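Engineer: Generate a structure from the sequence data that follows.
(2 chains)
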Number of protein chains: 2
Amino acid sequence: MTDDGFADQLDAAVRRCGNPVLVGLDPRAESLPPGLIPSPGDWNALAEGFRVFCRDVIDVVAPLVPAVKPQAAFFEQLGPPGMAALADLVRYAQQRGLLVILDGKRNDIGSTAAAYAEGYLGRDGQSPWGADAMTVSPYLGDDSLQPFVETAVRRKAGVFVLVKTSNPGGKMLQDLVVAGRPVYRHLGEYVESLAAQTAGASGYGAVGAVVGATYPDQLVELRRAMPHTWFLVPGFGAQGATARDVAGAFDAHGRGAIVNNSRGIIFAYSAPKYRGMAEPTRWQSAVERATRDMIAQLRAETPAARLVPAGSPSA
Amino acid sequence: MTDDGFADQLDAAVRRCGNPVLVGLDPRAESLPPGLIPSPGDWNALAEGFRVFCRDVIDVVAPLVPAVKPQAAFFEQLGPPGMAALADLVRYAQQRGLLVILDGKRNDIGSTAAAYAEGYLGRDGQSPWGADAMTVSPYLGDDSLQPFVETAVRRKAGVFVLVKTSNPGGKMLQDLVVAGRPVYRHLGEYVESLAAQTAGASGYGAVGAVVGATYPDQLVELRRAMPHTWFLVPGFGAQGATARDVAGAFDAHGRGAIVNNSRGIIFAYSAPKYRGMAEPTRWQSAVERATRDMIAQLRAETPAARLVPAGSPSA
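Structural biologist: All right, here's what the predicted structure looks like:
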């Protein structure tokens, strides 16, 4: 365990890798590569299939990217065996050198929020799930976020608060206009205050924000309003956003944002672009090619080009 | 499995019991009765302690109340062994005749929300967790709620959407005023439209709302605006709300609301009122007395007095 807070760990990992790619681990039974598809309805077998598949993905991406984001829902969907696979994968990814952001969008009030924070945040035996960071939902308000912030700071972990999500329906509450500004903007300013209070040497804090790539203008607006806040940016690839769309998420040095891609990487073998890579060993090659392609796109079209891998004489 | 949707099942259960008490299963290591407190930090032993404790609570309350609400956070806090205990308790409570509302406040976008719904909703082997209903968080908007509604209807299950929560910080987003009305009211009307679309013979729908007892005026306002919507009302007891505070949650026949009490029932042995009931067998007597006291308070102070247990000549 490092003495740095999560924000600084993430900054160092992004710079070490020279890219801000976050690989989403979203296993789906119907999308697993041939040979890994177990019998439908057998939750134990599916959980084992997910475990094997995600370990294989991790093996490919660990040398390339700073972090992975397991999506809790797909593991929870299988009941307790799925949860056991999830816990195993968090540890496995960390052993391979990755930071792990667990995407569960949890929250509750007071001591119940504290139970989530205590259970999920903190690697190396600090918590049973052992995540480096987790996503949380803000509808319950500021006092529901506080226990996550406190636990995150104490355990050198991080929290990403949903601010502006990537789905069309997100506008129902997030875009309501209050006192001339949308709800996501009010929330964003509160999150920024938490980030500023917890900022480390990197200038970023333990509290980040989820801001969808599908709304490039809002990304620019929020980046400007939230200079201490790490952005976790979903929506790239399968949801339609391009490298150019996410450019506004970064600061002038190409830092402060990680861009998630789930299906576009882990199920790359099924995309026309990587056709012919569905055989048992080839699907991992598709994962590697899709990861490298995304890295190249971000370096070509965004300020992430300015990230210099540690030890490199130049980018 | 019945042919009735969840709303009608819940209505029948409330009327059969003659009360709307929802017992919250919120096990906390530091509050377990003497003899059940395992060594701290041993997550497997704690999970087993939670399982035994909650089964003992269920044994006491099953003949008295219509439903229980396990709080996912306290089980998740223990990692995979906690989740296994949670799944076991859902089944056990149902075997004892109770409806089970799993309180996890989940949500996500599109197919990820569908994964939560598929994983949690539906008893009797329809899903690995097997809950009769679950709580969901609304920040992601209407398209994030749809998969829960669809799965709930298909599986005769229910969903409770956070609308106005019981904590002070809930006001940060929920009370923002948009076009002259607070956010919770806008959301409440959307939830009501979902409830009306899914209403069964009882007049209530598969989509309910979480509305805190700590805001009695808003309870009255929302009850009037949401005539097809079951209310799950937290905040009674430990959070300070009284029977009188929740009176506005019911319709004129004493129906349409269930009132949660967690600590005030399951840890009743530690309250001054039930002093001397901490011994290994007596703590269950405190649970029974606290449950019966809450039933009596609700019947004395709210329209729930008009609930007539099935088979009784009168209330």
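Engineer: Not including adjacent chain positions, what is the nearest residue to A:Arg263?
Structural biologist: Excluding the flanking residues, the one nearest A:Arg263 by C-beta to C-beta, 6 or more residues apart in numbering or on different chains is A:Ala238, at 4.4 Å. Quick note: C-beta positions are derived from backbone N, CA and C, even for glycine.
Engineer: Checking the one you found next. Helix, strand or coil?
Structural biologist: Taking DSSP: H, G, I helix; E, B strand; the rest coil as the rule, one finds A:Ala238 in the coil state.
Engineer: quick one: it from chain B, how far?
Structural biologist: 10 Å (C-beta to the nearest C-beta, to the nearest Å).
Engineer: Ramachandran coordinates for that residue?
Structural biologist: phi -50, psi -30 (degrees, to the nearest 10).
Engineer: That one against A:Ile265, yeah?
Structural biologist: No. The criterion here is C-beta atoms under 8 Å, and A:Ala238 misses it with A:Ile265 at 9.8 Å.
Engineer: and A:Ala249, how many residues sit next to it?
Structural biologist: Neighbour count for A:Ala249, taken as other C-beta atoms under 10 Å in any protein chain shown: 26.
Engineer: For chain A, identify the residue most remote from the centre.
Structural biologist: Distance from the C-alpha centroid of chain A peaks at A:Ala179, with 31.6 Å (C-alpha atoms, centre = their mean).
Engineer: Mind jotting down where the helices sit in the stretch 1-150 of chain A?
Structural biologist: Ranges of helices in the stretch 1-150 of chain A, per DSSP state H, counting those that start in this stretch, are A:6-17, A:43-61, A:72-76, A:80-95, A:110-120, A:142-154.
Engineer: From the contact counts, what lies against the third one?
Structural biologist: Judged by 3 or more C-beta pairs under 8 Å, 6 or more residues apart in numbering or on different chains; DSSP states H and E, helix A:72-76 is in contact with helix A:43-61, helix A:80-95, strand A:99-106, helix B:110-120.
Engineer: Run through who's touching it.
Structural biologist: A:26-28, A:47, A:50, A:82-83, A:85-86, A:102-104, B:106, B:108, B:112-113, B:115-116, B:119-120, B:129 (C-beta atoms under 8 Å, 6 or more residues apart in numbering or on different chains).
Engineer: try 6 Å
Structural biologist: A:Asp26, A:Pro27, A:Gly82, A:Met83, A:Ala85, A:Leu86, A:Gly104, B:Asp108, B:Thr112, B:Ala115, B:Tyr116, B:Gly119 (C-beta atoms under 6 Å, 6 or more residues apart in numbering or on different chains).
Engineer: cool, the last one as well?
Structural biologist: Helix A:142-154 has contacts (C-beta under 6 Å, 6+ apart) with A:107, A:109, A:113-114, A:117, A:121, A:136, A:158-159, A:194, A:198, A:206-207, B:167, B:169, B:172.
Engineer: Contact residues of the stretch 51-200 of chain A facing chain B?
Structural biologist: For the stretch 51-200 of chain A, the contact set with chain B under C-beta under 6 Å from any C-beta of the partner chain comprises A:73-74, A:76-77, A:79-80, A:83-84, A:87, A:105, A:108-109, A:112, A:115-116, A:118-119, A:128-129, A:137-144, A:162, A:165, A:167, A:169-170, A:172-173, A:176, A:178.
Engineer: May I see the ChimeraX selection of the buried members of these?
Structural biologist: Buried members of those, defined by 16 or more other C-beta atoms under 10 Å in any protein chain shown, are picked up in ChimeraX with:
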select /A:73,74,76,77,79,80,83,84,87,105,108,109,112,115,116,118,119,128,129,137,138,139,140,141,142,143,144,162,165,167,169,170,172,173,176,178
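Engineer: count of residues packed around A:Arg282?
Structural biologist: 14.
Engineer: And for A:Asp251?
Structural biologist: With other C-beta under 10 Å as criterion, A:Asp251 counts 16.
Engineer: who has more neighbours, A:Ala238 and A:Ile265?
Structural biologist: A:Ile265 (31 against 16).
Engineer: Which element, helix or strand, includes the more buried one?
Structural biologist: In this assignment (DSSP states H and E), A:Ile265 forms part of helix A:263-266.
Engineer: tell me which residues in that helix are buried?
Structural biologist: Buried-residue list, helix A:263-266, by 16+ other C-beta under 10 Å: A:Arg263, A:Gly264, A:Ile265, A:Ile266.
Engineer: right, and the last one touches A:Asp56 too?
Structural biologist: Spelled out, that is A:Ile266. No. With contact defined as C-beta atoms under 6 Å, A:Ile266 and A:Asp56 do not form a contacting pair (9.5 Å).
Engineer: So what touches the helix or strand encompassing A:Ile258?
Structural biologist: Applying DSSP H and E as the criterion places A:Ile258 in strand A:257-261. Here strand A:257-261 makes contact (C-beta under 6 Å, 6+ apart) with A:20, A:22, A:24, A:69, A:231-234, A:236-237, A:246, A:249-250, A:294.
Engineer: nearest to B:Pro227, of those?
Structural biologist: A:Pro234 (37.3 Å; C-beta to C-beta).
Engineer: So that closest one sits against A:Lys164, correct?
Structural biologist: No. Using C-beta under 6 Å as the test, A:Pro234 is too far from A:Lys164 to be in contact (10.5 Å).
Engineer: quick one: common contacting residues for those two?
Structural biologist: By the contact definition C-beta under 6 Å, 6+ apart, A:Pro234 and A:Lys164 are jointly contacted by A:Gly212.
Engineer: and the gap between A:Glu150 and chain B?
Structural biologist: 14 Å.
Engineer: roughly how far apart are that residue and A:Asn44?
Structural biologist: Per C-beta to C-beta, to the nearest Å, A:Glu150 is found 37 Å from A:Asn44.
Engineer: for A:Pro147, same thing?
Structural biologist: 34 Å.
Engineer: Check A:Gln239 too.
Structural biologist: 31 Å.
Engineer: More neighbours: which of these two?
Structural biologist: A direct count of neighbours by other C-beta under 10 Å for A:Gln239 and A:Asn44 places A:Gln239 higher, at 19 against 16.
Engineer: Enumerate every residue touching that one.
Structural biologist: A:Gln239 sits next to A:Ser166, A:Thr214 when contact means C-beta under 6 Å, 6+ apart.
Engineer: Could you measure from it over to A:Phe6?
Structural biologist: 26 Å.
Engineer: wait, is A:Ala247 part of a helix?
Structural biologist: Yes. A:Ala247 forms part of a helix when assessed by three-state DSSP.
Engineer: ok, it - contacts?
Structural biologist: A:Thr302.
Engineer: for A:Pro27, same thing?
Structural biologist: A:Phe50, A:Phe53, A:Cys54, A:Phe74.
Engineer: Thank you kindly, that will do.
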